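>>> attaching a predicted model along with its sequence, questions to come.
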Amino acid sequence: MERLAHAAQEVAAGNWNVRVEVSGGDELGQLADSFNRMTTELLGQKERLVQAERVAAWRELARRLAHELKNPLFPLQLTMENLVRRGSRVRNSSRKCSAKVRERCWRRLRI
């Protein structure tokens, strides 16, 4: 019984690899066997969770990449906004052109 209690404390502390020696087919032996199966199942679930988190991270990366590929005008829009901020140094004809490009970018990005 003491070995089971100690093993349970180990699991509670995060050591899921702990095993209890099964001695005999009495109730304590069955309890030890059940404990060992439980920790094995916990380890399997932990591994599946880690794998699911990896898949979720890759999906998020793919989603963001697809968004960027779908909206190629966004970098152009940012560049134009930076040029507009420098407005006083840009000639009047350039300002008109940049305003047209900026408006077209905004219109396309809203679609």
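Yep, that arrived. Keep in mind that what you see is a predicted model, and the values were worked out from it rather than measured. Numbers count the residues shown, from 1 in each chain.
>>> rest of the way, CA atoms for contacts and neighbours
OK.
>>> and the helices in the protein?
2-12, 27-70, 73-85, 92-110 (DSSP state H).
>>> would you list the ones you listed in TSV and tack on mean pLDDT?
As requested, the helices of the chain are arranged in TSV below (pLDDT from 0 to 100):
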stretch	mean pLDDT
helix 2-12	88
helix 27-70	89
helix 73-85	72
helix 92-110	67
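>>> contacts only, for residue 3.
residue 20 (CA atoms under 8 Å, 6 or more residues apart in numbering).
>>> the one 4 residues further on now?
Residue 7 sits next to 18-20 when contact means CA under 8 Å, 6+ apart.
>>> over to residue 18?
Contacts for residue 18 (CA under 8 Å, 6+ apart) come out as 7, 10-11, 36, 39.
>>> show me which of those residues is closest to residue 64.
Distances from the contacts of residue 18 to residue 64 were compared by CA to CA; the smallest belongs to residue 39, at 37.7 Å.
>>> thought the closest one was touching residue 17?
Yes - using CA atoms under 8 Å as the test, residue 39 is close enough to residue 17 to be in contact (6.9 Å).
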